[in-house]
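Student: could you look at this predicted model? Sequence included:
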Amino acid sequence: MLELRLVQGSLLKKVLESIRELVTDANFDCSATGFSLQAMDSSHVALVALLLRSEGFEHYRCDRNLSMGMNLNNVSKMLRCAGNDDIITVKADDGSDTVTFMFESPNQDKIADFEMKLMDIDSEHLGIPDAEYQAIVRMPSSEFARICKDLSSIGDTVIISVTKEGVKFSTAGDIGTANIVCRQNKTVDKPEEATIIEMQEPVSLTFALRYLNSFTKATPLSETVAISLSSDLPVVVEYKIAEMGYIRFYLAPKIEEEDDMKP
Amino acid sequence: MLELRLVQGSLLKKVLESIRELVTDANFDCSATGFSLQAMDSSHVALVALLLRSEGFEHYRCDRNLSMGMNLNNVSKMLRCAGNDDIITVKADDGSDTVTFMFESPNQDKIADFEMKLMDIDSEHLGIPDAEYQAIVRMPSSEFARICKDLSSIGDTVIISVTKEGVKFSTAGDIGTANIVCRQNKTVDKPEEATIIEMQEPVSLTFALRYLNSFTKATPLSETVAISLSSDLPVVVEYKIAEMGYIRFYLAPKIEEEDDMKP
Amino acid sequence: MLELRLVQGSLLKKVLESIRELVTDANFDCSATGFSLQAMDSSHVALVALLLRSEGFEHYRCDRNLSMGMNLNNVSKMLRCAGNDDIITVKADDGSDTVTFMFESPNQDKIADFEMKLMDIDSEHLGIPDAEYQAIVRMPSSEFARICKDLSSIGDTVIISVTKEGVKFSTAGDIGTANIVCRQNKTVDKPEEATIIEMQEPVSLTFALRYLNSFTKATPLSETVAISLSSDLPVVVEYKIAEMGYIRFYLAPKIEEEDDMKP
């Protein structure tokens, strides 16, 4: 039997909204250690990995490992029926082909339960090895989202270049070129407004803006984002989920030479 | 001659927005006692009844009974030109085929008058007998609107079941099933947040969500809604209009057996 | 070399949004005295004239007169990437076929530069003679915008009639007629809320609402608007840009007799 109770139910709503644009169907994996998901986007270019550790739930019972296949649009339709202050409980009986989402209003006046059929989804779980990155950029998540959105109005791809001084985002398109430089800045009033560069060596990589823009749907989950870059590895865009886990997006750099771009 | 002056003109704007989705053309009936409307929706399934009593107007003059046929979309276009703080006066001369809406800004700097041609609309006025209902549910109107909207994302019809403990709204659709229970709750800080069940006997009836969602366009008119249910009668969804009258929506229950729904 | 630095960069964003609906491509003319633009709308019915005087910029360097042809939608795309608190610098080298927009965040953490190709645009600069107007109406710009929008839901043209007492806006359409009268009112708490009529003689002129609605895109630039009317001249709708200049829209009155309108 599975029963997960999350007082801050709005967090689950935000998680769904974060990945729904990228992934249509996915398996949610439950084990004693936590609630997780790993899925490729429909074009098999980007990968999402979610972890919500069991300690982060007010109540967490998972008698045996369970993999629940769900259509994320349908889950999202149900979770959107939860109020932002509602407590959400996810329940499934062993061997059952359904999952139940229960929403309780803060004063217990209103109790809703939504039952959904589970799906069989083929998926292979990729092992993602821990890696050393040439550079890690930590910056306000809203700033990163704004930059990706702004550059999308000019071009399709972005070159992210990291030096000790800062990180540069460059693009080019029919109407012109754009460069946005964010300087390292640790001396801010609030730590979540800092831009911090951890760099082993300078790195410059090209990515499709379309995917980065999808990743930024996770912005409401965290005030900061960490972007880990290495020449021979997919970029990792990570949003921490307070005291519970994270959502990580992986995207391989574009490797073709783009001679017409002079960042 | 007809001349009705309403200082709180925004109320008339809200009334129009409440019924405009349901009814296209309708007769507004004016008499010494008040300003009223009764109309079927275009598919002849639901009925709207509006009453604004003469005492609620700052000035009310109606020399003889008058029935004014109007296209509600056109009335709405004109009323949307009134500011939310404007005083609205409705005027018609005896025998005239036009009606005039006059809008005065609070400081009298801006005066607008909109004149509209009246229409001939055939309509029969249905007598709606007073009835005893098996159950009457009073609840916050925003809560009822939210429930109807949420369930619409799952199914097309709702089963409303009333017991002493509370009221249950259930639906089923392709993606799953949903049940929302609102418990009776009289001990709230503000009376308009209470959920109160007046019940003679338990009742369970099925309705098309499409119509209930239309009814909830009246939510801005009142903080509470009263839902009156009886097995052999149309449901009445009533929004009181402060100290002036009401808007009531009537809808017959669906009678076909729906075996595949297990609320 | 050209280098114009404007601390209140949002002003340039608002200027672009004001004219972008009306004009597709236009030359921005830079001289020692200021930054200006004059352009007809694509149907050659309305004229826009913009002036930002050099004194209004924090830094203004223009070594020789320069006319820079730009697609306004592309400029708008770039300027929308500037934050509302950003400092904007416009730069162009002599003889260059590009212009650069530089955006600096208030704390200098983020610096963006956007480079755009210039276009060759044929344009003749019309001399607009100073004229005496029969009547000038000054009123809150938001009020004028609201009236143009409201009347558009009823008719296509508006008759603007000025007398000593006030200004009347009238329209007629399939669903009825509308008259909105704004009375002269100088005794208001805030001067920008006044409606002031300067009148040599009464005047009544007809205009296409479509164009007036386009002009009101400049509403965010100024709290007041001045409407200058004469029987034999285009109306001038002017929005002052604080301490820097103005944006003026010119539109010829409609001259056909419209017998079916009785304002």
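Tutor: Perfect, thanks for sending it. Numbering: from 1, shown residues only, chains lettered A, B, ... in the order given.
Student: find the nearest non-adjacent residue to A:V90, please.
Tutor: A:L4 (4.6 Å; Cβ to Cβ, 6 or more residues apart in numbering or on different chains). From N, CA and C alone the C-beta is placed, and that goes for glycine too.
Student: please disregard the earlier target; I meant A:R61.
Tutor: Nearest in space to A:R61, with sequence neighbours left out and distances taken as Cβ to Cβ, 6+ apart, is A:E3 at 4.5 Å.
Student: which residues of chain A lie near chain C?
Tutor: Contact residues, chain A versus chain C (Cβ under 8 Å from any Cβ of the partner chain): A:143, A:146, A:150-151, A:153-154, A:175-183, A:185, A:195.
Student: which of these are buried?
Tutor: A:143, A:146, A:150-151, A:153-154, A:175-183, A:185, A:195 (16 or more other Cβ atoms under 10 Å in any protein chain shown).
Student: grab the nearest non-local neighbour of A:V75.
Tutor: In space, A:V75 is closest to A:L16, 5.8 Å off (Cβ to Cβ, 6+ apart).
Student: hmm, A:K77 and the one you found touching each other?
Tutor: No - using Cβ atoms under 8 Å as the test, A:L16 is too far from A:K77 to be in contact (9.7 Å).
Student: rewinding a little: from A:S36, how far off is the residue nearest to A:R61?
Tutor: From A:E3 over to A:S36 the distance is 17 Å, taken as Cβ to Cβ, to the nearest Å.
Student: ok, now A:R248?
Tutor: 11 Å.
Student: so if I had to pick from these two, which one is more boxed in?
Tutor: Set A:R248 next to A:S36 and count neighbours by other Cβ atoms under 10 Å in any protein chain shown: A:R248 wins out with 21 against 17.
Student: that's a strand at A:S231, yeah?
Tutor: No - if the criterion is DSSP: H, G, I helix; E, B strand; the rest coil, then A:S231 is coil and not within a strand.
Student: distance of it from A:V237?
Tutor: From A:S231 to A:V237 the distance is 17 Å (Cβ to Cβ).
Student: the closest residue in space to A:R64 that isn't next to it in sequence and chain B: what is the separation?
Tutor: Of all residues not flanking A:R64 in the chain, A:D94 sits nearest, at 7.0 Å (Cβ to Cβ, 6+ apart). Per Cβ to the nearest Cβ, to the nearest Å, A:D94 is found 19 Å from chain B.
Student: ok, now which ones touch A:D94?
Tutor: Taking Cβ atoms under 8 Å, 6 or more residues apart in numbering or on different chains, we find A:D94 in contact with A:1, A:63-64, A:66.
Student: most neighbours among those residues, which one?
Tutor: A:L66 leads the contacts of A:D94 on contacts (other Cβ under 10 Å) with 20 neighbours.
Student: wait, what's in contact with that residue?
Tutor: A:2, A:29-31, A:92, A:94.
Student: just to revisit the earlier point, make TSV out of the contacts of A:D94 and add pLDDT, distance to B:S105 and secondary structure.
Tutor: What follows is the contacts of A:D94, written out as TSV (pLDDT from 0 to 100; distance: Cβ to Cβ, whole Å; DSSP: H, G, I helix; E, B strand; the rest coil):
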residue	pLDDT	distance to B:S105	secondary structure
A:M1	89	64	coil
A:D63	93	68	coil
A:R64	92	69	coil
A:L66	93	64	strand
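Student: ok so, going back, identify the contacts common to A:R248 and A:S36.
Tutor: Joint contacts of A:R248 and A:S36 (Cβ under 8 Å, 6+ apart) are A:49-50.
Student: returning to what we had before: so the residue nearest to A:V75 sits in a strand?
Tutor: No - read with three-state DSSP, A:L16 is helix and lies in no strand.
Student: neighbours of it, how many?
Tutor: Based on other Cβ under 10 Å, the number of other residues close to A:L16 is 20.
Student: now do A:A208
Tutor: Neighbour tally, A:A208, other Cβ under 10 Å: 17.
Student: contact partners for it?
Tutor: A:A208 touches A:45, A:156-157, A:251, A:254, counting by Cβ under 8 Å, 6+ apart.
Student: what's the first-to-last distance across stretch A:218-234?
Tutor: 18 Å (Cα to Cα, to the nearest Å).
Student: what mean pLDDT does that stretch get?
Tutor: Mean pLDDT, computed over stretch A:218-234, is 96.
Student: can you check stretch A:105-112 too?
Tutor: 94.
Student: for it, output the C-alpha coordinates as PDB.
Tutor: Written as PDB, here are the backbone C-alpha positions of stretch A:105-112 (Å, rounded to 0.1, in the frame of the first residue of the first chain):
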ATOM      1  CA  SER A 105      -9.100  22.100   2.500                       C
ATOM      2  CA  PRO A 106      -7.100  23.600   5.500                       C
ATOM      3  CA  ASN A 107     -10.300  23.700   7.700                       C
ATOM      4  CA  GLN A 108     -11.300  20.200   6.600                       C
ATOM      5  CA  ASP A 109     -14.700  21.500   5.400                       C
ATOM      6  CA  LYS A 110     -14.100  20.200   1.900                       C
ATOM      7  CA  ILE A 111     -12.700  16.800   1.000                       C
ATOM      8  CA  ALA A 112     -12.200  15.800  -2.600                       C
END
